[in-house]
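Asker: pasting the sequence and the predicted coordinates here, then a few questions.
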Amino acid sequence: MTTIRLTTAQALVRYLAAQQIEIDGKVESLFGCAFAIFGHGNVTCLGQQLFENQSVFPTWRGQNEQSMALAAVAYARANQRRRIGIATSSVGPGATNMITAAGVAHTNRLPLLLLAGDTFQSRLPDPVLQQTEHFSNPSLTVNDAFKTVTRFWDRINAPSQLTVALPQAIATMLDPADCGPAMIALPQDVQGQAWDFPESFFAPKVHRIRRPQPEPIELDLAAEAIKKAKRPLIIAGGGVAYSGARNALIQFAEKHQIPVVETIAGRTLLSADHPLNCGPIGTTGSNSANHMCEDADVVIAIGTRLQDFTTGSWTVFRDPDMKLISINAGRFDATKHMAQSIISDAKAAIAPLSERLGNWQTQNAWVDKAAAETSQWRGVVEQRTAASDTALPSYAQIIGKVNSLVNEGDRVITAAGGLPAELNMNWQATYPYSLDVEFGFSCMGYEIAAGWGNKIARPDHESIVLVGDGSYLMMNSDIYSSVLTGHKMIVLVCDNGGFAVIRKLQTNTGNTAFNNQLEDCTTERDYELPRVDFVSHARGLGANAEKVEHLSDFEAAFERAKASDKTYVIVTDIDDTVWSSCDAWWEVGLSEVTDNESIANARDQWEEGRKHQRRGV
């Protein structure tokens, strides 16, 4: 066996650079980019190797470890989980900053490779700078905290361990069932230690995403249940997109005339004008989708983990005998809530299930109901998004403007706060895959970082970020990153003066408005309420920026943003009292004992909604 003597850092990066993936017949580097903030723990050994492999995957410098890892998450999402971004940090706070991003990747089933510096394996210099010492467990470091938010975790205590750890990490990130972040901790001394690696370990390897095949008996049982249905309904989730099953889903729905509703992750799989598209489901969905769910007797959930915002905390299904059929590559997701499961890749299951159904079709009355419900929903959306002469536009009106101005391939990105609900409810899809709404971990600060990562993945299309003033203040430094690296974004800042959507939840549950809107915050003195000059701030980060005072001026500003050769920020003040809504319940914790009459009344109303809650795990 021929060997080559390399350090841990040399072998690590050489192996990553040798990994390739076949996508639609084209072979590309599996790792398309890396993001790095260097410090002690990753600069002296790992940093040099990343520099020497720039031709395989470039390394971009972030301004915050969390945001650069979020950019890598968005990069993977934009590539439909088929290419992966790397994020590396130094020891201590640099590493712990990435934990939130790991949570985003873990919750949303997205691949992310985290390489964090660690303390010395020898322990001779202990305690080192930024080391948290645990008196009863000297081997414990802050990197152990990643174990709760990663699918794969390892610490490399000898160079030889890479030959086991790296293939397993990549297998996890590419597995359609176990997909999620992988974390590898790299002690500082071990990074520079050498070993005689087999040369074959570094041979180029072409990966292909595997498609778990369905069990015939599971397909038979599902087809039998569907044929008995009078009111079947499909829930299309993000797994349909990751499987590349969009066309298969549409063909299945059309052949058997089954109405379709979409989860947040599944939004834009069907165009808004498709006759079987009944809109978004759940708490932040549409009345059309939720009314269909109320009456459905068989629900076919494809590629969804059935989060509470999708199911209205499991109250949207009102037929007590409703049969749930779940098609999912992951056993854990497929077997939720007493579902009849088909543990399979979505695309692999849809065609043979259709074959078993033959020419069976849904009854006309159910399809007619879907059309009537959807027509009414579209009318509501048109009213919400229509331009008006009011002083302050609503979220929905801004979304309506953006909706009319995007081109095929453009992607609109948001997360947390009020914008995910407003975008989910009001977006009328013309083009598929036009939204990235991070509402799995609902991470404030994802938006701008994700816009940067999305642009790296899709350089020929606009990366359009919708962000509230609260999230902007929480994490905005990747405006500068995008200017520095030449990845132009359009950032739309919707300023409603605080955390308005949480203030809405606060007051809707009978509580007093407190500490969410700027006007409700505790202060030490009396003075005019300070407001952030987002335009000046964005310009200070190197972007072009302007404020739009009236909705009628938005289109011209957006055209200027599209014509700009660098990131362009448009700021708009938003009416914080106008919200979109739908008929759905969502469970939140309310006080059982209170002297506050408004809270007591809110709890009574919430308990009414609980009567429809489906039992099961």
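Answerer: In hand now; what should we look at?

Asker: show me where pLDDT drops low in this protein?
Answerer: By pLDDT under 70, the weakly predicted segments of the chain are 616-617.

Asker: tell me which other helices or strands the longest helix along it touches.
Answerer: In the chain, taking DSSP state H as the definition, the longest helix is helix 364-385. With contacts defined as 3 or more Cβ pairs under 8 Å, 6 or more residues apart in numbering; DSSP states H and E, helix 364-385 has these neighbours: strand 277-280, helix 287-295, helix 395-405, helix 419-426. In this view, the C-beta of every residue, glycine as well, is placed from N, C-alpha and C.

Asker: strands paired with the first one, and their directions?
Answerer: Read that as strand 277-280. The pairing partners recorded for strand 277-280 under DSSP bridges are strand 260-262 (parallel).

Asker: so what are the domain limits for the chain?
Answerer: Domains of the chain are assigned by automatic domain parsing as 3-207, 216-378, 386-520+530-573.

Asker: give me the angle between the longest helix of the chain and helix 287-295.
Answerer: With axes from the mean of the first three to the mean of the last three Cα atoms, to 10 degrees defining the directions, helix 364-385 sits at 150 degrees from helix 287-295.

Asker: what are the boundaries of the strands in the stretch 151-300 of the chain?
Answerer: In the stretch 151-300 of the chain, the strands defined using DSSP state E, counting those that start in this stretch lie at 152-155, 181-187, 194-198, 205-207, 232-236, 260-262, 277-280, 298-302.

Asker: residues in contact with the closest residue to residue 205 other than its chain neighbours?
Answerer: Computed as Cβ to Cβ, 6 or more residues apart in numbering, the closest residue to residue 205 that is not its neighbour in sequence is residue 19, at 5.8 Å. Shown in contact with residue 19 (Cβ atoms under 8 Å, 6 or more residues apart in numbering): 29, 30, 31, 170, 204, 205, 207.

Asker: ok, the last one to residue 54 distance?
Answerer: Residue 207 sits at a distance of 22 Å from residue 54 (criterion: Cβ to Cβ, to the nearest Å).

Asker: so those two - more neighbours on which side?
Answerer: residue 207 (17 against 10; other Cβ atoms under 10 Å).

Asker: contact partners for the more buried one?
Answerer: Going by Cβ under 8 Å, 6+ apart, residue 207 touches 19, 20, 21, 22, 30, 170, 174.

Asker: which residue, other than its chain neighbours, is closest to the residue nearest to the spatial centre of the chain?
Answerer: Centroid-nearest residue in the chain, with Cα atoms, centre = their mean: residue 438, separated by 3.5 Å. Leaving aside its chain neighbours, residue 438 sits nearest to residue 415 (3.6 Å; criterion: Cβ to Cβ, 6+ apart).

Asker: wait, isn't the one you found in contact with residue 468?
Answerer: No - with contact defined as Cβ atoms under 8 Å, residue 415 does not reach residue 468; the gap is 9.7 Å.

Asker: burial count for residue 281?
Answerer: 33.

Asker: which residues sit in contact with it?
Answerer: Going by Cβ under 8 Å, 6+ apart, residue 281 touches 235, 261, 262, 263, 289, 290, 293, 310, 311, 316.

Asker: change it to 6 Å
Answerer: The contact partners of residue 281, by Cβ atoms under 6 Å, 6 or more residues apart in numbering, come to 261, 289, 310.

Asker: what of residue 289?
Answerer: Contacts of residue 289 by Cβ under 6 Å, 6+ apart are 261, 278, 279, 280, 281.

Asker: so which of those is the most crowded?
Answerer: Highest neighbour count within the contacts of residue 289: residue 281, with 33 neighbours (other Cβ under 10 Å).

Asker: quick one, phi psi at that one?
Answerer: Backbone torsions of residue 281, given as degrees, to the nearest 10, read phi -100, psi 150.

Asker: look up how far residue 584 lies from it.
Answerer: With distances taken as Cβ to Cβ, residue 281 is found 9 Å from residue 584.

Asker: please write out the alpha-carbon positions of stretch 238-246 in PDB.
Answerer: Extracted in PDB, the C-alpha atoms of stretch 238-246 (Å, rounded to 0.1, in the frame of the first residue of the first chain):
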ATOM      1  CA  GLY A 238     -39.700  20.400   1.400                       C
ATOM      2  CA  GLY A 239     -38.700  16.800   0.900                       C
ATOM      3  CA  VAL A 240     -40.500  16.900  -2.500                       C
ATOM      4  CA  ALA A 241     -38.000  19.600  -3.600                       C
ATOM      5  CA  TYR A 242     -35.000  17.800  -2.200                       C
ATOM      6  CA  SER A 243     -36.000  14.600  -3.900                       C
ATOM      7  CA  GLY A 244     -36.400  16.400  -7.300                       C
ATOM      8  CA  ALA A 245     -40.000  15.100  -7.200                       C
ATOM      9  CA  ARG A 246     -41.800  18.300  -8.200                       C
END
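
Asker: so the residue nearest to residue 438 sits right up against residue 448, yeah?
Answerer: No - in this structure residue 415 lies outside contact range of residue 448 using Cβ atoms under 6 Å: 9.8 Å.

Asker: give the contact list for residue 40.
Answerer: Applying Cβ under 6 Å, 6+ apart to residue 40 gives the contacts residue 90.

Asker: roughly how far does it sit from residue 115?
Answerer: Using Cβ to Cβ, residue 40 is found at 14 Å from residue 115.
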